[in-house]
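# I'd like to go over a predicted model; first the sequence, then the structure.
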Amino acid sequence: MLSTLSLLLVTTAMSVVMLLVLSSLADSKLAGIREWGQANAVAIPALLLFAARGILPDLLTIELANAVFLGTSTLMYVGFRRHLGQPVPWRMLAAGAAAAWSGVVVFHLGHESMPLRIASVSAYHSALCFGIFASVPAAREARLRYAYRFTRTAALLLGVGHVCRGLYYALDAYRPVLLPPDTANLMFFAIGTLALPALTLGAVMMANARVIADTSYAADHDYLTGAPSRRAFFTLAERELARARRKSSGLGLLLVDADHFKRINDTYGHGVGDQVLCDLVARTQGVIREVDYCARLGGEEFAVLLPDADAASALAVAERLRAALDRPARDAASPQGVAYTVSIGLAMLEGGESIGELMQRADRALYGAKTAGRNRVVCAPIQGAPGVPGVPLPGG
Ligand SMILES: Nc1nc2c(ncn2[C@@H]2O[C@H](COP(=O)(O)OP(=O)(O)OP(=O)(O)O)[C@@H](O)[C@H]2O)c(=O)[nH]1
């Protein structure tokens, strides 16, 4: 038969399990994990003190237990705020917890009423649950959506549950609470005790979703420039290749390589070289269309994929890009700016060609641009027409 004691012991065991689960996430260094772990650690003695009612002195099982449990809920709320990078309203929390705890003391040592003690702490817990609901946004990122939705829903339901619990007891201050343990008492008791595991579950889901989203972002993006990575480029290129075949549309590829980049590093230092790479990506993104895709293949080499482009428009983009980059990049170390140029190899997708083959032709065109003097665009010759040379466009 379910009893308040068994609920307390089950919740204590759940807090131990949650603590172990949170410990497994400690290495992630995610904000909020520490506070959620502390909340569950603090909950264990608080729940055991509640369970020891009638065995230990009331001051321990009422005043101390409630004080510690108020701390538990506060830490959970702080964890969510920290995790989401939001400021923690410490003064408001301290005032709310002090008011709730004063209610416990007054309705124990002053005017004895267990229902009013419950109503007092429920008011604070409901405010924290609504606070968590308001703090956790409706996630736009698909990977975060389920975890955020779960937490928001749990927090909202628990907030409403605590309001009902508070009203149920506040409206009849002399209602028998724990004995006999009727269904309503047990149900409201469960809301009080199971809130912590439910919210911790939401916290763990959010932390996991964040780790997965961050890892996947890191795999798909270049750390320095923020441009899509080589891996992301090939995934997208295969997709665009299939689309171009399906729709019989053009697909252009530009391989863009900074000229004499080693010299820039040697002259200005690696830090300025890094700034030049970031500048290159930022300017490229300003030149290309929204449907075009610029990725860093490695080192100082970048790829720009041009879906739905014919040879003439791809060449126009390539030349516009070359000209846009042929201007000094501003940087803090050198107010007059760092001059750099790029060479570009352009290839248009041909029937039956793979992405690897398209890349090879663009790479040969890039090599042609380098050997022809750099700062220029060279178009790859059409396959199967060996007599047609690449078209070098002199820069400047
Ligand atoms: N600052 C910086 N330098 C990098 C990065 N990745 C690669 N490099 C440097 O880029 C330089 C590339 O040099 P090279 O391959 O000789 O090419 P280059 O000097 O641009 O000469 P060309 O391509 O023939 O015009 C090397 O010195 C690399 O150390 C990076 O992330 N940051």
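Received, thanks.
# I'd guessed A97 sits against T74; true?
Yes - contact criterion CB atoms under 8 Å: A97 and T74 qualify, at 5.7 Å. In short, each C-beta sits where N, CA and C put it, glycine included.
# quick one: low-confidence ranges for the stretch 51-200 of the chain?
Applying pLDDT under 70 to the stretch 51-200 of the chain flags residues 173-181.
# quick one, helices of it?
For the stretch 51-200 of the chain, the helices defined by DSSP state H, counting those that start in this stretch occupy 58, 65-83, 90-105, 114-135, 142-170, 183-220.
# and the first one, what does it pack against?
When you say that, I think you mean helix 58. If you count contacts as 3 or more CB pairs under 8 Å, 6 or more residues apart in numbering; DSSP states H and E, helix 58 packs onto no helix or strand.
# returning to what we had before: tell me which of A97 and T74 has more neighbours.
With neighbours defined as other CB atoms under 10 Å, A97 and T74 compare such that T74 has more, 23 against 19.
# show me what from this structure comes close to the ligand.
224, 257-262, 265, 270, 273-274, 277, 299-300, 370, 374 (CB under 6 Å from any ligand atom).
# same list, the helices of the stretch 51-200 of the chain, but as a markdown table with distance to D363 please.
Output for the helices of the stretch 51-200 of the chain, formatted as a markdown table (distance: least, CB to CB, whole Å):
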| stretch | distance to D363 |
| --- | --- |
| helix 58 | 80 |
| helix 65-83 | 45 |
| helix 90-105 | 58 |
| helix 114-135 | 50 |
| helix 142-170 | 34 |
| helix 183-220 | 23 |
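# so which of those gets nearest G37?
Of all the helices of the stretch 51-200 of the chain, it is helix 65-83 that lies closest to G37, at 8.4 Å by CB to CB.
# find the closest residue to the ligand in this structure.
Residue nearest to the ligand within the chain (CB to the nearest ligand atom): G273, separated by 2.7 Å.
# how many neighbours does the closest residue to that residue other than its chain neighbours have?
In space, and not counting its chain neighbours, G273 is closest to N265: 4.1 Å by CB to CB, 6 or more residues apart in numbering. A total of 16 residues lie near N265 under the criterion other CB under 10 Å.
# what strand or helix carries N265?
Using DSSP states H and E, N265 sits in helix 261-268.
# wait, doesn't the residue nearest to G273 sit right on G271?
No - here N265 lies out of contact with G271, judged by CB under 8 Å, at a distance of 9.3 Å.
# okay, and the common contacts of those two?
Common contacts of N265 and G271, defined by CB atoms under 8 Å, 6 or more residues apart in numbering, are absent altogether.
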